[in-house]
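[1] My questions concern the predicted model and sequence given below.
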Amino acid sequence: MNILAHLHLATLANSSLIGNTLADFVKGDPYAIYPDIIADGIMLHRKIDMMTDSLPEVKQAKSLFRKTHQRVAAISLDIVWDHFLSKYWQDYGVTSNVSEFNQATQQQILPYIDVYPLDYQHFMQAMWQGKWLENYAAIDFVGKVLAGMATRRPKLYLLKQTIDDIKQHYAQLESLFFMLYPKMCLAIESVNDAN
């Protein structure tokens, strides 16, 4: 899952939005660095990533990519799941539209962001300014995101080409999303109910 899904699932779980979006910028034990509420959010993010990777639908989705591109398929799929979530927000959303959700998350995170690492601050600011969450609904934007990631991280140069696999297998990926994302929502809601 990528940023939109993590924010959405964190909202369903009543978990820290900062913790859930900060997770990719934190190594090791978050409880040694951050207050429990933030560390709990980081741990939820990690749990979501592990749950997603273990789903049979994700394994099936990875197999749709060319063999030469399967090592970066998981990264591409994270973006693809955000694409479908943004596109079909009315089926899953906790607000009436993605733009409203984007503004709500900004209002919750922005007042506290300056105590967190600069790379996290820059990432979140770029996300809000670029309206990524709304723009994920457009497949051409997904292609731009993958190309940008490939440029910034030369080892992941194949990411740029995975948009071809995504477009070729679009209907299958969409069907897999409709199977896997409700599972994720139910799993997160049950985690929340247990707390």
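    Looks like it came in fine. Residues are numbered from 1 along each chain as shown.

[2] CA atoms for contacts and neighbours, from now on please.
    Fine.

[3] What residue in this structure is the furthest from its centre?
    In the chain, A32 marks the outermost C-alpha relative to the chain mean, sitting 24.8 Å out by C-alpha atoms, centre = their mean.

[4] Could you measure from it over to I109?
    Per C-alpha to C-alpha, to the nearest Å, A32 is found 21 Å from I109.

[5] Could you do F84 as well?
    Between F84 and I109 the distance is 24 Å, computed by C-alpha to C-alpha.

[6] More neighbours: those two, which one.
    F84 (21 against 16; other C-alpha atoms under 10 Å).

[7] Contact partners for that one?
    Contact analysis of F84 by C-alpha atoms under 8 Å, 6 or more residues apart in numbering lists 136-137, 174, 177.

[8] what about it, helix or strand, and which?
    If you go by DSSP states H and E, F84 is part of helix 73-87.

[9] quick one: buried residues of that helix?
    For helix 73-87, the buried set under the neighbour-count rule, 16 or more other C-alpha atoms under 10 Å, comprises 73-87.

[10] Least confident secondary structure element in the protein?
    For the chain, the helix or strand with the lowest mean confidence is helix 170-194, at a mean of 88 (criterion: mean pLDDT, DSSP states H and E).

[11] That one: which residues count as buried?
    For helix 170-194, a neighbour-count test (16+ other C-alpha under 10 Å) marks 170, 173-174, 176-178, 180-181, 184-185, 187-189 as buried.

[12] Redo those residues as TSV? Include distance to S16.
    Compiled in TSV, the buried residues of helix 170-194 are given as follows (distance: C-alpha to C-alpha, whole Å):
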residue	distance to S16
Y170	33
L173	29
E174	29
L176	28
F177	25
F178	26
L180	23
Y181	20
M184	18
C185	16
A187	17
I188	13
E189	15
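
[13] on that earlier part again, ok now the helix holding F84, how far from the chain's centre?
    From the chain centre to the centre of helix 73-87 is a distance of 7 Å (C-alpha atoms, centre = their mean, to the nearest Å).

[14] Now that helix - C-alpha only, PDB.
    Extracted in PDB, the C-alpha atoms of helix 73-87 (Å, rounded to 0.1, in the frame of the first residue of the first chain):
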ATOM      1  CA  ALA A  73       6.400  -5.100  -9.200                       C
ATOM      2  CA  ALA A  74       5.600  -4.700  -5.500                       C
ATOM      3  CA  ILE A  75       6.600  -1.000  -5.600                       C
ATOM      4  CA  SER A  76       4.500  -0.500  -8.800                       C
ATOM      5  CA  LEU A  77       1.600  -2.200  -7.200                       C
ATOM      6  CA  ASP A  78       1.700   0.100  -4.100                       C
ATOM      7  CA  ILE A  79       1.100   3.000  -6.500                       C
ATOM      8  CA  VAL A  80      -1.600   1.000  -8.500                       C
ATOM      9  CA  TRP A  81      -3.600   0.300  -5.300                       C
ATOM     10  CA  ASP A  82      -3.600   4.000  -4.500                       C
ATOM     11  CA  HIS A  83      -4.700   4.600  -8.100                       C
ATOM     12  CA  PHE A  84      -7.800   2.400  -7.700                       C
ATOM     13  CA  LEU A  85      -8.500   3.700  -4.200                       C
ATOM     14  CA  SER A  86      -8.500   7.300  -5.500                       C
ATOM     15  CA  LYS A  87     -10.500   6.400  -8.500                       C
END
